[in-house]
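[1] sequence below, structure please.
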Amino acid sequence: MKKKLVSALLCVSMVAALTAGCGGSDSGDAAADGGNDAADTAAGDDAGSGDDAAADTAAADTAAGGEDTAAADSGATDGAAAIQNLKDATEGTVTLDLWCSEQENYQKVIAEIVEDFKKEYSDIDFQINIGAVSESEAKDRVLEDVEAAADVYFFADDQIEDLVKAGALQEITANYTYDVKTANQDFVVEAASVDGKLYAYPMSASNGYFLYYNKEYLSEEDVASWDTMLQKAADAGKKVGMDLSNAWYLYSFFGQTGMTLSKNDDGSNSCDWNSTTNSPTGAEVAEAIEKIASNSAFISVGDTDSRAMYGQDLIAYVNGTWALDDIVKGYGEDYGAAKLPTFNAGGKDVQMGSFSGSKLVGVNAYSDQMGWAMLLAEYLTNEASQLKYGQATGEGPANANAFSQVSSPALDALAAQAEFADRQIVGDKFWDPTASLGQSLVDGTGDVQKLLDDAVAGITQAVN
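    Numbers count the residues shown, from 1 in each chain. Reported below is the predicted structural model:
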């Protein structure tokens, strides 16, 4: 989609309304700059390349309030005026594409919130198309063709830097109905920001993983360590597991060992998982993973395939809040959740680490319905919507007030694991080599030190 002049004009009306009454020359300058940006865009031919694209981007920036505005904290009256300006400038049907998780409970609750949005603004004719795109795949789908991607989309927070670099996210410098920065938990606002600028609306604060277990077979003490849990499962003729061929989960074995993984400024990674001097060494950790994987009571299985197994032989599994519905169906009243267990490596009991993150909602900087796209994203992530979303999916809201109103064993387990969790900040070269390492350890083939050396070489390779 191409941003059109109407977007720029709506942006100007928004910032003008939001800064009205704020006083000072800065507000006047912001409105004036917005007017100039709109005029520049009108003079351009095709706002998609070169200097015209820059002018177009500047106009779209004004949509969110401009860089030099006090709008973020302006009151409901100013926000109402901005919404009225948006309505007054709207003609015909407003068509918006929205991408969110493909899972049924997510699709259902987002559809309900979208209907609430339509009722809230019933004097506008909306056509809002809800597509199914996993948050983990959002960046790849968007970057295939940014201009053709959805107007509004959900994505995992580790994708934000690449999306911003690609010009795929509209900066948020003003709000219509609530202050995004103060309403949400600080660490999620930080995750939604790049270089101190807010580029997305926080939605959830629970994009991490922990251990689900069936209390009919396992106690809280049993699930504290892999050794005990595996023995209890074997005695009961059952299975416990996780997806060892998934890099996101395999990280958990290295996360609390003292070995490091970090993303460099150029997008490459630093990693020393093949260390021969750390205690435990990389090889000792790899051998511990191999030992777990070779146990007859263990199964390495992916999230999708595991869902049908909860009501059968799988009595414990590493997963996240998105699996809650299937867990409850399988385990019923015996569903339990805990932080990840310890494992023995080099004679030491090591607490498993984890990745942590959040889910965000972004507005495509190329939306040709910029004002409405931003208002929809804001509505999707307000306190009431986040609470509804959290209750339907089991996720922990990013909104501080909404989070205080939800509680579950899953969220309690996530909170317990948080002490051992690291924010997911890795370069793209991390995923494939780490997944291959995990599968090789499951297969139990090859020298572990060589497997680690090869994996680290892949993880740390230069970015083209």
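
[2] in this protein, which helix or strand is least confident?
    One helix or strand of the chain scores below all others by mean pLDDT, DSSP states H and E: helix 24-43, with a mean of 32.

[3] strands of the stretch 51-200 of the chain, start to end?
    94-100, 126-132, 152-156, 193-194, 197-198 (DSSP state E, counting those that start in this stretch).

[4] quickly note the distance from the one residue sitting closest to the centre of the chain to Glu220.
    Most central in the chain under CA atoms, centre = their mean is Ala156, positioned 2.1 Å from the mean C-alpha point. As judged by CB to CB, to the nearest Å, Ala156 and Glu220 stand 30 Å apart. Every residue, glycine included, has its C-beta placed from N, CA and C.

[5] now Lys87
    According to CB to CB, Lys87 stands 55 Å off from Glu220.

[6] one more: Ser252?
    Using CB to CB, we find Ser252 at a distance of 19 Å from Glu220.

[7] of these two, who's got more company?
    Ser252 (24 against 10; other CB atoms under 10 Å).

[8] what's the helix or strand for that one?
    Using DSSP states H and E, Ser252 sits within helix 247-254.

[9] what ranges do the helices span in the stretch 251-400 of the chain?
    For the stretch 251-400 of the chain, the helices defined by DSSP state H, counting those that start in this stretch occupy 282-294, 303-306, 324-331, 370-380, 383-393, 400-403.

[10] all the strands of the stretch 301-450 of the chain, residue numbers only.
    Under DSSP E, counting those that start in this stretch, the stretch 301-450 of the chain gives strands at 314-319, 335-338, 342-345, 348-351, 354-356, 359-363, 421-423.

[11] among those strands, which is nearest Trp248?
    Closest of these to Trp248 is strand 354-356, at 5.9 Å (criterion: CB to CB).

[12] just to revisit the earlier point, mind putting the strands of the stretch 51-200 of the chain in CSV, distance to Gly241 and mean pLDDT included?
    Compiled in CSV, the strands of the stretch 51-200 of the chain are given as follows (distance: least, CB to CB, whole Å; pLDDT from 0 to 100):
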stretch, distance to Gly241, mean pLDDT
strand 94-100, 28, 98
strand 126-132, 27, 98
strand 152-156, 23, 97
strand 193-194, 36, 96
strand 197-198, 39, 98
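
[13] closest to Gly311 out of those?
    Judged by CB to CB, the one of these that comes nearest to Gly311 is strand 126-132, at 25.2 Å.

[14] contacts made by that closest one with the rest, please.
    For strand 126-132, contacts defined as CB atoms under 8 Å, 6 or more residues apart in numbering pick out 93-102, 107, 110-111, 114, 117-118, 150, 372, 376.

[15] and the pLDDT for Thr228?
    Note for Thr228: predicted pLDDT of 98.

[16] one more: Gly311?
    We have a pLDDT of 87 for Gly311.

[17] for Leu324, see how far away it is.
    In terms of CB to CB, Gly311 sits 14 Å off from Leu324.

[18] so between those two, which is more surrounded?
    Taking other CB under 10 Å, Gly311 and Leu324 do not tie; Leu324 has more neighbours (21 against 14).

[19] so what's that one up against?
    By CB under 8 Å, 6+ apart, the neighbours of Leu324 are Thr393, Gly394, Ser408, Ala410.

[20] what is the burial count for the nearest residue to the last one once chain neighbours are set aside?
    In other words, Ala410. Excluding its sequence neighbours, the residue lying closest to Ala410 (CB to CB, 6 or more residues apart in numbering) is Ala337, at 4.8 Å. By the measure other CB under 10 Å, the count of residues near Ala337 is 23.

[21] surely Ala337 meets Pro409?
    Yes - the pair Ala337 and Pro409 passes the contact test of CB atoms under 8 Å, sitting 4.2 Å apart.

[22] shaky segments in the protein?
    1-77 (pLDDT under 70).

[23] for stretch 292-312, list the C-alpha coordinates in CSV.
    C-alpha atoms of stretch 292-312 as CSV (Å, rounded to 0.1, in the frame of the first residue of the first chain):
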residue,chain,number,x,y,z
ILE,A,292,18.2,-36.2,29.0
ALA,A,293,17.3,-36.7,25.3
SER,A,294,18.3,-40.4,25.4
ASN,A,295,16.2,-41.2,28.5
SER,A,296,13.3,-43.5,27.6
ALA,A,297,10.9,-41.2,29.5
PHE,A,298,11.8,-38.2,27.4
ILE,A,299,10.4,-37.0,24.1
SER,A,300,11.5,-34.1,22.0
VAL,A,301,8.4,-32.9,20.4
GLY,A,302,7.2,-29.6,18.9
ASP,A,303,4.4,-27.4,20.2
THR,A,304,1.8,-28.3,17.6
ASP,A,305,2.3,-32.1,18.0
SER,A,306,2.4,-31.9,21.8
ARG,A,307,-1.1,-30.5,22.1
ALA,A,308,-2.8,-33.8,21.4
MET,A,309,-0.5,-35.6,23.8
TYR,A,310,-1.4,-33.8,27.1
GLY,A,311,-4.4,-36.0,27.6
GLN,A,312,-2.4,-39.1,26.9
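
[24] pull out the buried positions in it.
    292-293, 295, 297-301, 303, 306-307, 309-310 (16 or more other CB atoms under 10 Å).

[25] from these, which is closest to Gly79?
    Nearest to Gly79 among the buried residues of stretch 292-312, with distances taken as CB to CB, is Asp303, at 39.9 Å.

[26] what residues does that closest one make contact with?
    Applying CB under 8 Å, 6+ apart to Asp303 gives the contacts Asp243, Asn319, Ala323.

[27] kindly recompute the last result at 10 Å.
    Tyr209, Met242, Asp243, Asn246, Tyr249, Tyr317, Val318, Asn319, Gly320, Trp322, Ala323, Asp326 (CB atoms under 10 Å, 6 or more residues apart in numbering).

[28] ok, Glu395 next?
    106, 203-207, 320-322, 324, 358-359, 386, 389, 403, 406, 408, 410-411, 414.

[29] show me where the stretch 51-200 of the chain has its helices.
    Counting by DSSP H, counting those that start in this stretch, the helices of the stretch 51-200 of the chain are 76-88, 104-120, 138-144, 160-165, 180-183, 186-191.

[30] of all those helices, which one is nearest Phe343?
    Of all those, helix 186-191 sits nearest to Phe343, with 27.5 Å by CB to CB.

[31] from the chain's centre, how far out does that closest one sit?
    The chain centroid and the centroid of helix 186-191 are separated by 12 Å, computed with CA atoms, centre = their mean, to the nearest Å.
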